[in-house]
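In: here is my input, please return the structure:
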Amino acid sequence: MLTILGLLTSFLWVLYLTAPSIRKFFAGGVCTTSVQIPGKVVVITGANTGIGKETARELARRGARVYIACRDVLKGESAASEIRADTKNSQVLVRKLDLSDTKSIRAFAEGFLAEEKRLHILINNAGVMMCPYSKTADGFETHFGVNHLGHFLLTYLLLGRLKESAPARVVNLSSLVHLVGKMRFHDLQGEKSYNRCFAYCHSKLANVLFTRELAKRLQGTGVTAYAVHPGIVMSEIARHSVILCLLWRLFSPFFKSTRQGAQTSLHCALAEDLEPLSGKYFSDCRRTWVSPRARNKKTAERLWNISCELLGIEWE
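Out: You can find the predicted model right below:
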C-alpha cells in the first residue's frame with residue numbers, strides 16, 4: 001500500500017514539475033497577424049472575465065473601440081479599467097447585457113444602435129456550463145437559452161449594422177464537446193429529461209449549426225461568420241459544477257491560459273483572407289473537423305427556423 005502511494009506521489013510530482021513544458025506543448029495556435037484596427041468597433045459578450053476579457057484586451061491594444069457586453073456591470077467596469085490602463089486605449093466601454101433575458105438583449109441592442117453607427121466585429125463569447133436545471137426569464141432551458149438563443153437574437157438585432165459596416169465578422173464560441181451534442185428537437189427545453197453535461201454539449205452543437213446557416217444566408221453581404229473551439233481553458237465557466245471545479249484545479253497546470261484560449265477568437269476576428277472560410281469551425285487558429293451532426297444542412301435549417309419561432313422574429 002505504501003509503495004503504491006509512494007509511486008502515485010512520485011508520479012504526481014513528476015507531472016507538476018513538467019507541467020510548464022506540457023502546458024507549452026498543448027498551448028495551441030497563436031494569432032500571428034499584425035493587423036491594426038484603429039477606428040473599428042467591436043462588441044464582445046461576457047468580456048468581463050476569462051477568454052472574453054483577453055480578447056477584448058488584445059483588440060483594444062490594436063486600436064479598436066471595444067464594447068464589453070456583460071451581465072455584471074461592476075465586474076465589467078473593473079475589467080475595462082484594467083484594459084484601458086494596460087493598452088492606453090480609452091475606448092473600452094461597458095454596457096449591460098443579460099443573455100438570459102430577451103428584454104435585456106433588446107435593450108442592449110437598442111442602446112448600442114443609437115450610440116454607434118458602425119459595428120465591424122461581433123464576438124459571441126459569453127456562455128454558461130453545466131448549470132443545474134433552470135430556465136431563462138423567457139422560459140428557455142438555460143444552456144440552450146443563453147448559449148444559443150441569446151446570441152442568435154443579439155446577432156439578429158445587430159446584423160443590419162454589421163452589413164452597413166462590411167467587411168464585418170461574427171465569431172461564435174463553440175467547443176470540442178459539440179462532437180457529442182445532439183439537437184433534441186422533441187425536448188429542446190429539457191423538460192422530458194435533463195443532464196447538465198449533455199445540455200451544454202447540445203448548446204455548443206447549436207453554436208456550430210448557427211454559424212454554418214448564418215454564413216450561408218450572409219453570402220454576398222460582406223459579413224462572414226466563424227465558429228471557434230478555444231481549447232481547454234482555466235476560466236470561471238465551470239463554477240456551477242463542484243466536481244468540475246475540483247478537476248479544473250487539479251489539472252489546471254496543463255490547461256491553456258485565458259490568453260492562449262483567446263488566440264483562435266482573435267485569429268477569426270483579425271486574420272486576412274479568411275472570407276472564403278465563412279461558416280467553418282476553427283481550433284488552434286486553423287480550420288478543423290466538425291461532427292457529421294454539425295455538417296447536417298437540414299438540421300441547421302430546422303434549428304434556424306425553430307429559433308426564429310421561439311424568439312418571435314422573422315429573419316430574411
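In: quick one, helices of this protein?
Out: Listed in chain order, the helices found in the chain under DSSP state H are 2-17, 19-25, 50-61, 73-87, 102-115, 142, 151-164, 196-217, 242-251, 258-261, 263-270, 297-311.
In: can I get those in JSON lines including mean pLDDT, distance to Thr33 and mean neighbour count?
Out: Every C-beta, even on glycine, is put in place using the N, C-alpha and C of the backbone. Below are the helices of the chain laid out as JSON lines (pLDDT from 0 to 100; distance: least, CB to CB, whole Å; neighbours: other CB atoms under 10 Å):
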{"stretch": "helix 2-17", "mean pLDDT": "56", "distance to Thr33": "35", "mean neighbour count": "10"}
{"stretch": "helix 19-25", "mean pLDDT": "50", "distance to Thr33": "22", "mean neighbour count": "12"}
{"stretch": "helix 50-61", "mean pLDDT": "97", "distance to Thr33": "11", "mean neighbour count": "25"}
{"stretch": "helix 73-87", "mean pLDDT": "98", "distance to Thr33": "17", "mean neighbour count": "17"}
{"stretch": "helix 102-115", "mean pLDDT": "98", "distance to Thr33": "26", "mean neighbour count": "16"}
{"stretch": "helix 142", "mean pLDDT": "98", "distance to Thr33": "36", "mean neighbour count": "24"}
{"stretch": "helix 151-164", "mean pLDDT": "98", "distance to Thr33": "21", "mean neighbour count": "20"}
{"stretch": "helix 196-217", "mean pLDDT": "97", "distance to Thr33": "21", "mean neighbour count": "23"}
{"stretch": "helix 242-251", "mean pLDDT": "56", "distance to Thr33": "31", "mean neighbour count": "12"}
{"stretch": "helix 258-261", "mean pLDDT": "93", "distance to Thr33": "16", "mean neighbour count": "22"}
{"stretch": "helix 263-270", "mean pLDDT": "98", "distance to Thr33": "5", "mean neighbour count": "26"}
{"stretch": "helix 297-311", "mean pLDDT": "98", "distance to Thr33": "29", "mean neighbour count": "16"}
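In: could you redo those as CSV and give each row distance to Tyr281?
Out: Output for the helices of the chain, formatted as CSV (distance: least, CB to CB, whole Å):
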stretch, distance to Tyr281
helix 2-17, 31
helix 19-25, 23
helix 50-61, 17
helix 73-87, 28
helix 102-115, 25
helix 142, 24
helix 151-164, 16
helix 196-217, 6
helix 242-251, 24
helix 258-261, 16
helix 263-270, 10
helix 297-311, 13
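In: so which of these gets nearest Lys280?
Out: Using CB to CB as the measure, helix 196-217 is the one of the helices of the chain that comes nearest Lys280, at 8.0 Å.
In: and the closest one with helix 151-164, angle?
Out: 20 degrees (axes from the mean of the first three to the mean of the last three CA atoms, to 10 degrees).
In: for helix 196-217, name the packing helices and strands.
Out: Helix 196-217 makes packing contacts with helix 151-164, strand 168-173, strand 223-229, helix 297-311 when contacts are defined by 3 or more CB pairs under 8 Å, 6 or more residues apart in numbering; DSSP states H and E.
In: ok, now with 7 Å
Out: Judged by 3 or more CB pairs under 7 Å, 6 or more residues apart in numbering; DSSP states H and E, the packing partners of helix 196-217 are strand 168-173, strand 223-229, helix 297-311.
In: any idea how far the spatially closest residue to Glu314 that is not a sequence neighbour lies from Phe140?
Out: Ranked by CB to CB, 6 or more residues apart in numbering and with sequence neighbours excluded, the top spatial neighbour of Glu314 is Cys308, at 6.6 Å. In this structure, Cys308 and Phe140 are 14 Å apart, going by CB to CB, to the nearest Å.
In: do Leu99 as well
Out: Using CB to CB, we find Leu99 at a distance of 10 Å from Phe140.
In: tell me which of these two has more neighbours.
Out: Relative neighbour count places Leu99 above the other of Leu99 and Phe140, with 28 against 21, counting by other CB atoms under 10 Å.
In: for the more buried one, give its distance to Gly28.
Out: 27 Å.
In: next: Ser283.
Out: Distance from Ser283 to Gly28, counting by CB to CB: 8 Å.
In: what count of nearby residues applies to Ala168?
Out: Using other CB under 10 Å: Ala168 sits among 24 other residues.
In: and the closest residue to it other than its chain neighbours, how close does it get to Asp284?
Out: The shortest distance from Ala168 to any residue that is not its chain neighbour, by CB to CB, 6+ apart, is 4.3 Å, and that residue is Leu162. Remark: distance between Leu162 and Asp284 (CB to CB) = 26 Å.
In: repeat for Ser265
Out: The span separating Ser265 from Asp284 equals 12 Å under the rule CB to CB.
In: follow-up on the earlier one: so the residue nearest to Glu314 sits against Glu316, correct?
Out: No - taking contact to mean CB atoms under 7 Å, the distance of 10.6 Å between Cys308 and Glu316 leaves them out of contact.
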